[in-house]
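# from the sequence below, what's the structure:
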Amino acid sequence: MNLFVIMKRTFDTEEKIVIEKGRVADESAEFIINPYDEYAVEEAVQLKEQHGGEVTVVTIGDEEAEKELRTALAMGADKAVLMNTEEDLDDGDAYTTAKILAEFFKDKEVDLILAGNVAIDEGSGQVGPRLAAFLDIPAITTITNLEIDGTQALIERDVEGDIEKVEAALPVLVTAQQGLNEPRYPSLPGIMKAKKKPLDELELDDLDLEEEEVEAKTKTVDVFLPPEKQVGRVLEGELGAQVNELVSLLQKEAKVI
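Predicted structure coming up:
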């Protein structure tokens, strides 16, 4: 099987971040594989172990993303591809990413493309479905179970707390939801092997793309941290007095009634 994973390098939301000029300051952030993409990598490796084949992990970014690609290789992927857009693009959006990926995939023999359901930094969930549309293959999102039977994919997907069962002919693109699997930690032998596995680097020129072809269709107006949570208040005194004070606070401070 020819298995591909599209992966994103994101900042770790469990670590403190700093916003400068409407962007997350790289110097203040810790970067990781997007957690939903980890499910995609793990699922691809498990499918390779069951059915044979090859897993290629693909990402768009700068040279800093090599660290996350090596982590995916240490998890069991066979190859990695970095599409380095550092010198070509100042900014982009889901359309930009999907357009670049579509150009990369247009001459590839693909059985299955896996991606994370969303990226935790932007959360649009658009890249996978947009890529599938460009490639004219089915896209099935938020999957929680995946089995391959010959040329058919048997899929279970999360739909608002329920499960939908879907069958699709390969090739197909799926996006991974939490619960699909438990991503493995890279082992020491895996980390050592990852250093010798191929990691190719491409640029827009290598894909015969011009900057205007991948211009963003959307614009980020502002990026900001959520407001700090206010300390709760405990009302004291007789019940009637507490009710009156609560109503007054809701009217004058919270302004919700």
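# hey, where'd the strands end up in the stretch 1-150 of the chain?
2-7, 9-11, 19-20, 23-24, 31-33, 54-61, 79-84, 112-116, 139-149 (DSSP state E, counting those that start in this stretch).
# most tightly surrounded among those?
strand 112-116 (a mean of 27; mean count of other C-beta atoms under 10 Å). (Each C-beta comes from the backbone N, C-alpha and C, glycine too.)
# the domain parsing of the chain - what is it?
Listed by automatic domain parsing, the domain ranges of the chain are 2-214, 228-257.
# export the strands of the stretch 1-150 of the chain to TSV and tack on distance to L47 and mean pLDDT?
TSV is the format used below for the strands of the stretch 1-150 of the chain (distance: least, C-beta to C-beta, whole Å; pLDDT from 0 to 100):
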stretch	distance to L47	mean pLDDT
strand 2-7	6	97
strand 9-11	23	88
strand 19-20	39	76
strand 23-24	33	73
strand 31-33	18	91
strand 54-61	8	95
strand 79-84	15	94
strand 112-116	7	97
strand 139-149	6	96
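# so which of the ones you listed is nearest F224?
strand 19-20 (6.2 Å; C-beta to C-beta).
# before we move on, back to that, of the domains of the chain, which is nearest T220?
Using C-beta to C-beta, the domains of the chain put domain 2-214 closest to T220, at 7.2 Å.
# the closest one: end-to-end distance?
Using C-alpha to C-alpha, to the nearest Å, the end-to-end distance of domain 2-214 comes out at 26 Å.
# and that domain, how far out from the chain middle?
How far domain 2-214 lies from its chain's middle: 6 Å, per C-alpha atoms, centre = their mean, to the nearest Å.
# can you put the strands of the stretch 1-150 of the chain in a markdown table and add distance to T175?
Below are these laid out as a markdown table (distance: least, C-beta to C-beta, whole Å):
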| stretch | distance to T175 |
| --- | --- |
| strand 2-7 | 9 |
| strand 9-11 | 15 |
| strand 19-20 | 28 |
| strand 23-24 | 23 |
| strand 31-33 | 15 |
| strand 54-61 | 15 |
| strand 79-84 | 19 |
| strand 112-116 | 5 |
| strand 139-149 | 5 |
